[in-house]
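A.B. asks: Below: sequence and its predicted model.
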Amino acid sequence: MAEPWAFPDKPYAGTVKKSSSKQERTGCAALHLIQSTTCLRQFFALYLDDQSSQATTFIAPWCCDRHNNTSFDLSTYFLGSQYTGISALEDLATDPSKKRPRNRYQAMDEHWPLLKKLREWRTSAHGRDPQRSVQPITWLCDDDALNALSKAHPDNLRSQDNIIKLLDKTEEWGSDCGAAIFAIISKFNSGTMTSSSSRPAKRSKASSSSAISIQ
Ligand SMILES: [Zn+2]
């Protein structure tokens with residue numbers, strides 16, 4: 001353990017808050033390393049001020065993947081193509097809609113109608129469960145999970161799989177409770193559930209200014 005001033009590196013964002021994203025928490029040295037095209041051994045030698053003759057010595061067939069004049073191809077060790085960031089940046093430049101949805105949350109006053117619908121589903125599903133006398137209602141889905149679902153932005157709840165991942169549930173849970181919950185949320189978001197204060201149908205990215213962005 002050491003105090004922050006002991007480290008020469010600092011987070012990209014300068015000040016890290018509880019809600020800071022992974023990008024904002026990443027140290028500048030880590031970013032320099034991944035963005036540089038310098039030989040990795042050379043990079044570390046410079047960073048550590050290692051001026052010895054062994055600083056960049058290697059005994060394996062290759063030094064690192066920063067050399068173009070070798071037959072070394074890191075991507076051959078992976079099933080898919082290697083991520084370089086280039087295609088993602090091109091996608092973003094040509095089509096901003098491909099931007100990954102952030103974990104946005106609904107404003108406090110907007111999630112109550114959906115929470116009410118989800119609670120109604122849970123009560124009714126538990127009422128139909130033959131094991132209800134021995135299994136508490138929270139076995140279907142606890143209050144924290146229903147709360148999280150009602151607060152999540154529709155962009156993050158586009159499939160049953162999204163729900164399983166958000167709540168860290170199993171596929172088995174997903175095929176039963178997850179499917180039922182997804183049906184309720186889809187119906188709610190499409191505006192077919194009549195409620196004077198229900199979530200507006202198809203919130204566009206531009207109209208989501210009231211949603212709080214948290215990553
Ligand atoms: Zn190298």
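C.D. replies: Sure thing, it's come through.

A.B. asks: in this protein, which helix or strand is least confident?
C.D. replies: strand 212-213 (a mean of 40; mean pLDDT, DSSP states H and E).

A.B. asks: Just give the nearest non-adjacent residue to residue 26, would you?
C.D. replies: residue 12 (5.3 Å; C-beta to C-beta, 6 or more residues apart in numbering). Heads up, the C-betas are built off the backbone N, CA and C, glycines and all.

A.B. asks: wait, what's in contact with that neighbour?
C.D. replies: By C-beta atoms under 8 Å, 6 or more residues apart in numbering, the residues touching residue 12 are 23-28, 31.

A.B. asks: Can you check the pLDDT for it?
C.D. replies: In this model, residue 12 is scored at 72, pLDDT.

A.B. asks: Same question for residue 72.
C.D. replies: Looking at residue 72, its pLDDT is 73.

A.B. asks: That one is in what secondary structure piece?
C.D. replies: Under DSSP states H and E, no helix or strand contains residue 72.

A.B. asks: wait, doesn't it sit right on residue 65?
C.D. replies: Yes - Residue 72 is within contact range of residue 65, at 6.2 Å (criterion: C-beta atoms under 8 Å).

A.B. asks: Send me the top helix by length along the chain as PDB with only the CA atoms.
C.D. replies: Ranked by residue count, the top helix of the chain under DSSP state H comes out as helix 112-128. What follows is helix 112-128, C-alpha atoms only, in PDB (Å, rounded to 0.1, in the frame of the first residue of the first chain):
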ATOM      1  CA  TRP A 112     -41.900   3.200 -10.800                       C
ATOM      2  CA  PRO A 113     -44.500   2.100 -13.400                       C
ATOM      3  CA  LEU A 114     -42.300  -0.700 -14.700                       C
ATOM      4  CA  LEU A 115     -41.300  -1.700 -11.200                       C
ATOM      5  CA  LYS A 116     -45.000  -2.000 -10.400                       C
ATOM      6  CA  LYS A 117     -45.600  -4.300 -13.400                       C
ATOM      7  CA  LEU A 118     -42.600  -6.500 -12.500                       C
ATOM      8  CA  ARG A 119     -43.800  -6.900  -8.900                       C
ATOM      9  CA  GLU A 120     -47.300  -7.800 -10.200                       C
ATOM     10  CA  TRP A 121     -45.700 -10.500 -12.400                       C
ATOM     11  CA  ARG A 122     -43.700 -11.900  -9.500                       C
ATOM     12  CA  THR A 123     -46.700 -12.100  -7.200                       C
ATOM     13  CA  SER A 124     -48.800 -13.800  -9.800                       C
ATOM     14  CA  ALA A 125     -46.000 -16.200 -10.900                       C
ATOM     15  CA  HIS A 126     -45.400 -17.100  -7.300                       C
ATOM     16  CA  GLY A 127     -49.100 -17.700  -6.800                       C
ATOM     17  CA  ARG A 128     -49.000 -20.300  -9.600                       C
END
